[in-house]
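**Student:** Just a sequence and a predicted model for now, questions to come.
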Amino acid sequence: SAAEKGGYDHFMLKEIAEQPKAVADTLLGRIDASGRLTLDEVRIPDAVLREADKVVIVACGTAFHAGLIAKYAIEHWTRIPCEVELASEFRYRDPILGQRTLVIAISQSGETMDTLMALRHAREQGAKVLAVCNTNGSTIPRESDAVLYTHAGPEVAVASTKAFLTQLVACYLLALYLGQVRGTKWGDEIHAVVRELARIGEEVERVLETMEPVRALARSLAHKDTILFLGRHVGYPVALEGALKLKELAYMHAEGFAAGELKHGPIALIEEDLPVVVVVPSPKGRSVLHDKIVSNIQEIRARGARTIVIAEEGDEAVVPFADHLVRVPATPTLLQPLVSTVPLQVFACELATARGNEVDQPRNLAKSVTVE
Ligand code: AGP
């Protein structure tokens with residue numbers, strides 16, 4: 001009903017708008033005033049976390065994209081090797097797991113059959129499983145050794161939005177916690193990340209306040225057949241997520257690529273007026289990444305692409321090559337997905353509406369896939 005949607009036309013719009021709160025709620029009580037992580041609910045003994053020699057993340061769909069981003073954070077902050085795998089692939093091959101493997105199963109619903117089967121498979125082989133889940137008491141956390149709940153609140157729209165942002169927050173917290181338990185040197189970078197996390201809800205709010213041009217752009221592209229998404233580093237999974245949102249909501253052909261792969265094939269797809277969304281990493285910090293993606297934007301624009309560039313405030317290098325520029329607040333590199341995903345959600349939602357699609361209940365899809 002209209003009341004349930006809180007005045008919004010669709011649950012998806014309501015859930016996009018709830019993201020600042022969802023993110024803040026997921027952080028609540030988990031970082032103390034001195035910047036230390038307190039994840040008491042993670043009932044896996046510190047000794048086990050200290051001895052883990054590999055992290056394997058299993059998930060499906062949007063939760064898988066959260067896992068891909070988590071890998072960058074876990075490996076960078078903890079130096080523990082981390083693999084990310086689609087649960088549906090993992091469960092049917094012969095993965096190498098042992099008692100020192102920490103498996104992280106990410107699921108909004110906690111009922112996804114493929115993810116559940118993957119975690120059973122992992123536990124049978126002695127691995128410890130930690131669930132990142134949004135649904136209290138659901139099957140995946142019940143069958144795991146421990147759970148870190150995301151506090152997004154109920155997500156009704158089939159397309160996942162606020163659950164994704166909170167999955168990212170939970171994964172960042174876990175990565176920092178693993179680092180803390182294992183005695184990672186708590187350098188300036190990690191302090192900056194912890195400080196930024198504390199205010200990330202406000203940054204997401206700021207992004208939401210500037211979405212009107214993104215909506216107008218989406219409406220102007222409603223007749224297109226294909227939209228491509230490019231990113232590097234943590235921007236690559238963001239590109240994949242932007243493309244998935246467009247497929248499921250707008251029923252358009254959309255693909256995400258790692259920008260560095262362009263020359264290995266996808267650049268052949270570029271033709272006059274093809275919209276390409278590019279997620280640009282921060283020019284600060286890992287500036288080499290930034291330079292590379294600016295060249296990628298130049299390359300595709302020279303071949304006729306209509307470039308839609310998502311870049312940090314103050315990033316002037318992209319301006320000459322952006323047909324459309326979407327600004328997001330500056331964040332530490334690894335946290336950028338928390339702000340850069342938001343315009344892509346709004347974009348897909350508006351495109352779906354413009355094409356006359358049912359936003360909350362896309363065709364052929366179910367909110368939680370409890371069958372194979
Ligand atoms: C997201 O927009 C999708 N509807 C879908 O990919 C979803 O993320 C996937 O099915 C996993 O669901 P879960 O998080 O409930 O396990």
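**Tutor:** The structure has been received and is ready for your questions.
**Student:** Going by C-alpha atoms from here, please, whenever you check contacts or count neighbours.
**Tutor:** Fine.
**Student:** in the stretch 1-150 of the chain, which spans are helices?
**Tutor:** With DSSP state H, counting those that start in this stretch as the criterion, the stretch 1-150 of the chain has helices at 11-17, 19-27, 46-51, 61-78, 87-90, 113-124, 139-142.
**Student:** Of all the ones you listed, which one is nearest L230?
**Tutor:** Closest approach to L230 among these is made by helix 61-78 (14.2 Å; C-alpha to C-alpha).
**Student:** which ones are touching P20?
**Tutor:** I200, G201, E202, V204, E205 (C-alpha atoms under 8 Å, 6 or more residues apart in numbering).
**Student:** residue contacts, G29?
**Tutor:** T38.
**Student:** Which positions in the protein make contact with the ligand?
**Tutor:** 60-63, 107-110, 112, 158-160, 367-369 (C-alpha under 6 Å from any ligand atom).
**Student:** repeat that with 5 Å
**Tutor:** C60, G61, T62, S107, Q108, S109, T112, V158, A159, S160 (C-alpha under 5 Å from any ligand atom).
**Student:** Least confident of those residues?
**Tutor:** Within the residues of the chain next to the ligand, V158 has the lowest pLDDT, namely 91.
**Student:** hmm, back to that, now render the helices of the stretch 1-150 of the chain as JSON lines, adding distance to L102.
**Tutor:** Output for the helices of the stretch 1-150 of the chain, formatted as JSON lines (distance: least, C-alpha to C-alpha, whole Å):
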{"stretch": "helix 11-17", "distance to L102": "31"}
{"stretch": "helix 19-27", "distance to L102": "22"}
{"stretch": "helix 46-51", "distance to L102": "8"}
{"stretch": "helix 61-78", "distance to L102": "12"}
{"stretch": "helix 87-90", "distance to L102": "14"}
{"stretch": "helix 113-124", "distance to L102": "9"}
{"stretch": "helix 139-142", "distance to L102": "15"}
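**Student:** Widest-spaced pair of the residues of the chain next to the ligand?
**Tutor:** Longest span within these, C-alpha to C-alpha: T112 and A159, 14.6 Å.
**Student:** circling back to that earlier point, quick one: which of the residues of the chain next to the ligand has the most company?
**Tutor:** S107 (32 neighbours; other C-alpha atoms under 10 Å).
**Student:** Now that residue: closest residue in space that isn't a chain neighbour?
**Tutor:** C133 (5.1 Å; C-alpha to C-alpha, 6 or more residues apart in numbering).
**Student:** L49 now?
**Tutor:** L178 (6.7 Å).
**Student:** Would you mind measuring from that neighbour to the ligand?
**Tutor:** 23 Å (C-alpha to the nearest ligand atom, to the nearest Å).
**Student:** what's the helix or strand for that residue?
**Tutor:** For L178, the host element (DSSP states H and E) is helix 162-181.
**Student:** Let me see the mean pLDDT of the helix or strand where E189 lies.
**Tutor:** Assessed by DSSP H and E, E189 sits inside helix 188-208. If you average the pLDDT over helix 188-208, you get 93.
**Student:** Which positions in the helix or strand that that helix is followed by come out as buried?
**Tutor:** Scanning forward in sequence from helix 188-208 by DSSP H and E, the next helix or strand is helix 212-220. Judged by neighbour count using 16 or more other C-alpha atoms under 10 Å, the buried positions of helix 212-220 are V214, R215, L217, A218, R219.
**Student:** what's the closest non-adjacent residue to the third one?
**Tutor:** Distances taken as C-alpha to C-alpha, 6+ apart place F347 nearest to L217, at 7.9 Å, with adjacent residues excluded.
**Student:** who's in contact with the host helix or strand of the one you found?
**Tutor:** Using DSSP H and E, F347 maps to helix 337-354. Contacts of helix 337-354 with the rest of the structure, by C-alpha under 8 Å, 6+ apart, involve 12-13, 16, 161, 165, 168, 200, 203-204, 207-208, 211, 214-215, 217-219, 221-222, 234-235, 238, 241-242, 245-246, 249-251, 279, 310, 326, 328-329, 358-359.
**Student:** same thing with stretch 122-142?
**Tutor:** For stretch 122-142, using C-alpha under 8 Å, 6+ apart, the contacting residues are 42, 97-111, 115-116, 119, 144-154, 163, 167, 170-171.
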